[in-house]
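J.: predicted structure and sequence below. I'll ask about it afterward.
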Amino acid sequence: MSSPNAIEARGLVKRFGEKVALAGVDITVPVGSVTAVLGPNGAGKTTAVRILTTLSEPTAGTATVAGFDVATHPGEVRRRIGFAAQDATVDPLLTGIENLTMIGELHQRGRREARSRAVELLEQFDLADAGSKVASAFSGGMRRRLDLAATLVARPEVLFLDEPTTGLDPRARNDLWAVLETLVGSGATILLTTQYLEEADRLADDIVVVDHGSVIARGDARSLKRQVGGDNIGVTLPSVEQLDTVAAILERVTGIVPMVDRSNRTATAPTPDGVAGLAAVANALAETGIEVEDLSLRQPTLDEVFLTLTGQPLAEDQHQPE
Amino acid sequence: MTPPNSSGDTFDASAVDATPGGAEALRPARGFFHDSWVIAKRGLTHMKRQPEQLSDATIQPIMFVVMFAYVFGGAIDVPGANGVVPSAQRYREFLIGGIMAQTIVFTAFGVALSIANDRKNQAVDRFRSLPIARGAVLSGHAVANVLKSLLPIVLMSAAGYVIGWRIRGDLFETAGAYLLMIAFAFAMIWVGVLLGSLIATPEGVTGIAFATLFPITFVASTFVPLARMPKALQTVAAWNPVTTLSDALRILFGNPNTPIQPGDPWPIAHPVAYTWIWIVLVVAVCAPLAIRAYQRSIAD
C-alpha cells in the first residue's frame, strides 16, 4: 500500500470543554503489526480510538488510517477498518447471522455475499451452531467473539479493538486471547487498548502507555519491563514474625529494598534476572529454614508500572501536573 | 455434526482468518436507499423480537377498537345523525378516525425510543464506523417506524370493518385519508427524532412521551365530541391537530362527525386543510432542529 504505516497520528489533542482528554498524542502503527495502548480508565485510550475510527474529531492534530486522512476522507477510512467498541455492540435482538449480514450489507455488499461471508465467519469463530440465536442469549465470551467476527466482515486493513477483554472472566479472556493471537498471526494490523499489561505483553509488538491524555512511555514489552525493573519476587509467610528477616534476604539477593506488606505477610522486590533471581531467593530462604507459605515470580502489575513511570498509583485519580 | 457450542467451551481459534482483503475487499457505495432499507429491516426485526412492541402493533389496536366501541359506544352520543348510519353504530364509526389518529401520533414515540436505544446500546457508534450513506440511519428508523404505524392502521381498518365501520367516501377521499395518515406519521418522525435526541435515556423517552402524547391525544376529538368538554378545553382541542386529523379522517371516510357550524374555529371548519398545513409546518420547523439535535447527540 501507499504508506508503510497503517496508522499515523501526530499531536492528537481532544478537549471536552475544560477537560483535556488527549494532550498531544503520537501513535504510529506499521502495517502488519500490533500496537497496544495501555492505560487506566480515563487515560484517553477510548478518545484516541474514537478519533482514529472517525467517530470523533480531534481538537488539534492529524491522523491517517490505511493511507487516508480521518478528517478529510472519513468514508475511505471506514471502508478499510474494523472496529469493536468497548462494550460489545452486536445487536442484542438480532441473531448472530443477522448481525453479521447486516454489517456486510452496510459494508456495501449484496445480501447474498453478505450472508455467505456471515456464515463463513460464524464457522471460523465456532459460532455456527449459535448463529440462529439472538445475540442477547449469547454468553459474554460468545458476544465478544461475534463482535470480533463483525470487525472482520469486510476483510479490513486495520482493526481497532477497544478493551477487547474487559469484563470477561479469566476463561473467556484466555479464549479471546487465543483468537486475538490468531488474528495477529494471520497478518492483521491491530490497534488495541487495554488495562492489562499481561494482555499487551502477550499480543502486542509495541506498547504505548498513556496516562491523563499523554504518552508516558512506549516500546516493546521487554524494554518497558526493563524500565519498570523486571519481574517481581514475592514471599508470603505464615506469620509476620520473620518478615523482616525475609525482607533483608530479598534485599541482599536483589539489591533493592523490598516492599513489605504486613497485613498480607508479604515482601516483594523486583528482579531483573527472572527465574534466576527467584532461584537465588529460594536458595537463600532454604538456608535459613524459614517456613514459606508462598514464593512467586510474577510480572509487574499495571499498578507497579504506573507507580514506576508516574510516581503515582494507578487507582487514585489525583494526578498533580508538574 | 458438531456438538452445540456451550458458553464456557474453549475453542480452536486457528480457523480465524484476518488477512486483509486489500482493494478486492472494497465495494462501491450502494447508496442512500439501500443503506436506509438495511437499517429499516433491522428496526422491523426489533419489533418482531420484542413481545411488547409486537403487541402494541397488533393486538392492542384491535383491542382498543373493540373495547372503546363497546364500552364507550353506549355512553357517548355523536351529534349530527346523517340518516345513513343507524344511531347505535354511529359511535363505532366515529371512533375509528380518532383511534387511527392516536396511533399515528404515537409514531413519534416509536422513533424516539429507537434513537435513544441505539445511543444506549452504542449501535450509533457501530453504524458511524461503517461506510454508510449520510442520513441513512435516521431514514432507516423513519421507514421502519412508519411501517410499524401502518400495520396497526391496516389491522384497525379490518377490525373496524368487523364491528360495522364502513368507508362511505369515494376512492379519492379514501386515498386522501390514508395519504393524510402517512404524511402525518412522517411529520411525527421528526418530533420523535427531536425527542429521542434531546432526552438522555430510553426510560426518559418513555416517561416524557407518555406525559405529553397522552394528553395531546386525549384533549381532542379522538374519542369524544368536543361539545361536552369545558369551554377552555374545547378551545385547546379545537386547535389541536389530533382533533383535526381525527375529524379529517371521519370526513374523508364519510363517517359521522360533529357537524360544522358557523362560528366554529377555523381548524374545525377546515380540518383537512388545517391538518396539511400543520404537517408542513411541523416538518419545516422540526426537521432541521431534529437533525441538528440528532447530530449533536451522537457526536464525540
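T.: Structure received.
J.: now name the helix or strand holding residue A:20.
T.: Using DSSP states H and E, residue A:20 sits within strand A:19-30.
J.: are that strand and chain B in contact anywhere?
T.: No: contact of strand A:19-30 with chain B (Cβ under 8 Å from any Cβ of the partner chain) is absent, the minimum separation being 9.4 Å. To be clear about C-beta, it is placed using only N, CA and C from the backbone, and glycine gets the same treatment.
J.: so which residues make contact with the helix or strand following that strand?
T.: Using DSSP H and E, the next helix or strand after strand A:19-30 towards the C-terminus is strand A:34-38. Strand A:34-38 has contacts (Cβ atoms under 8 Å, 6 or more residues apart in numbering or on different chains) with A:7, A:27, A:29, A:45, A:48-49, A:184, A:188-197, A:199-200, A:203-210, A:302, A:305.
J.: how much distance is there from the strand holding residue A:20 to the middle of the chain?
T.: Here the centre of strand A:19-30 is set off from its chain's centre by 16 Å, with Cα atoms, centre = their mean, to the nearest Å.
J.: one more: stretch B:137-156?
T.: Distance, centroid of stretch B:137-156 to centroid of chain: 6 Å (Cα atoms, centre = their mean).
J.: ditto for stretch A:84-102
T.: On Cα atoms, centre = their mean, the centre of stretch A:84-102 falls 22 Å from that of its chain.
J.: and that stretch, average pLDDT?
T.: Averaged over stretch A:84-102, pLDDT sits at 90.
J.: that stretch spans what distance, first to last residue?
T.: This stretch, stretch A:84-102, spans 15 Å end to end (Cα to Cα, to the nearest Å).
J.: next, the buried residues of the strand holding residue A:20.
T.: A:20, A:21, A:22, A:23, A:25, A:27, A:28, A:29, A:30 (16 or more other Cβ atoms under 10 Å in any protein chain shown).
J.: so where do the helices sit in the chain?
T.: Reading this off chain A. A:45-52, A:74-79, A:96-106, A:111-124, A:140-151, A:170-185, A:197-203, A:221-228, A:243-254, A:275-288, A:302-310 (DSSP state H).
J.: hm, I was asking about chain B
T.: Going by DSSP H, chain B shows helices at B:32-49, B:51-57, B:59-71, B:87-105, B:107-120, B:123-128, B:136-162, B:171-198, B:202-218, B:231-239, B:241-253, B:266-269, B:271-298.
J.: could these go into CSV alongside mean pLDDT, distance to chain A and mean neighbour count?
T.: Shown next, in CSV, are these (pLDDT from 0 to 100; distance: least, Cβ to the nearest Cβ, whole Å; neighbours: other Cβ atoms under 10 Å in any protein chain shown):
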stretch, mean pLDDT, distance to chain A, mean neighbour count
helix B:32-49, 94, 5, 19
helix B:51-57, 82, 10, 14
helix B:59-71, 86, 20, 17
helix B:87-105, 87, 23, 24
helix B:107-120, 90, 10, 24
helix B:123-128, 89, 5, 21
helix B:136-162, 91, 9, 20
helix B:171-198, 94, 17, 21
helix B:202-218, 91, 13, 16
helix B:231-239, 92, 39, 15
helix B:241-253, 95, 31, 27
helix B:266-269, 92, 41, 18
helix B:271-298, 93, 9, 17
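J.: next, format these as a markdown table and append distance to residue B:259.
T.: Formatted as a markdown table, the helices of chain B follow (distance: least, Cβ to Cβ, whole Å):
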| stretch | distance to residue B:259 |
| --- | --- |
| helix B:32-49 | 40 |
| helix B:51-57 | 34 |
| helix B:59-71 | 22 |
| helix B:87-105 | 12 |
| helix B:107-120 | 30 |
| helix B:123-128 | 50 |
| helix B:136-162 | 22 |
| helix B:171-198 | 18 |
| helix B:202-218 | 23 |
| helix B:231-239 | 14 |
| helix B:241-253 | 11 |
| helix B:266-269 | 10 |
| helix B:271-298 | 12 |
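J.: tell me which of those helices approaches residue B:225 most closely.
T.: helix B:87-105 (7.7 Å; Cβ to Cβ).
J.: got the angle between the closest one and helix B:171-198?
T.: Angle, helix B:87-105 to helix B:171-198, by axes from the mean of the first three to the mean of the last three Cα atoms, to 10 degrees: 40 degrees.
J.: in chain B, which residue is most central in space?
T.: When Cα atoms, centre = their mean is applied to chain B, the residue found nearest the centroid is residue B:107 (2.0 Å).
J.: that residue reaches residue B:185, doesn't it?
T.: Yes: Residue B:107 lies in contact with residue B:185 (Cβ atoms under 8 Å); the separation is 4.5 Å.
J.: what residues are shared contacts of the two?
T.: B:145, B:146, B:149.
J.: list the contacts for the first one?
T.: By Cβ under 8 Å, 6+ apart, the residues touching residue B:145 are B:43, B:107, B:110, B:111, B:114, B:185, B:189, B:192.
J.: let's see 6 Å
T.: Shown in contact with residue B:145 (Cβ atoms under 6 Å, 6 or more residues apart in numbering or on different chains): B:107, B:110, B:111.
J.: against residue B:104, how distant is it?
T.: 11 Å (Cβ to Cβ, to the nearest Å).
J.: list the contacts of the closest residue to residue A:134 other than its chain neighbours.
T.: In this structure, residue A:134 finds its nearest non-sequential neighbour in residue A:95, 5.4 Å apart by Cβ to Cβ, 6 or more residues apart in numbering or on different chains. Residues near residue A:95 by Cβ under 6 Å, 6+ apart: A:132, A:133, A:134.
J.: phi, psi of residue A:290?
T.: The phi/psi pair for residue A:290 (degrees, to the nearest 10) reads phi -70, psi 140.
J.: just give the nearest non-adjacent residue to it, would you?
T.: Using Cβ to Cβ, 6+ apart, the nearest residue to residue A:290 is residue A:242, at 5.3 Å.
J.: my guess is the one you found contacts residue A:289. True?
T.: No: counting by Cβ atoms under 6 Å, residue A:242 stays clear of residue A:289, with 10.2 Å between them.
J.: more neighbours: which of these two?
T.: Using other Cβ atoms under 10 Å in any protein chain shown as the criterion, residue A:242 and residue A:289 rank with residue A:242 on top: 17 against 6.
J.: pLDDT score assigned to that one?
T.: Looking at residue A:242, the pLDDT reads 86.
J.: swap in residue A:260?
T.: pLDDT, read off for residue A:260, is 87.
J.: what about residue B:224, how many residues nearby?
T.: Residues lying near residue B:224 (other Cβ under 10 Å) number 21.
J.: again with the one 3 residues further on
T.: Neighbourhood size, residue B:227 [other Cβ under 10 Å]: 11.
J.: chain B contacts on the stretch 151-300 of chain A?
T.: Counting by Cβ under 6 Å from any Cβ of the partner chain, the residues of the stretch 151-300 of chain A close to chain B are A:152, A:154, A:155, A:157, A:175, A:178, A:179, A:182, A:183, A:186, A:187, A:188.
J.: of these, closest to residue B:237?
T.: Nearest to residue B:237 among those, counting by Cβ to Cβ, is residue A:154 at 53.9 Å.
J.: residue contacts, that closest one?
T.: By Cβ under 6 Å, 6+ apart, residue A:154 lies in contact with A:107, B:25.
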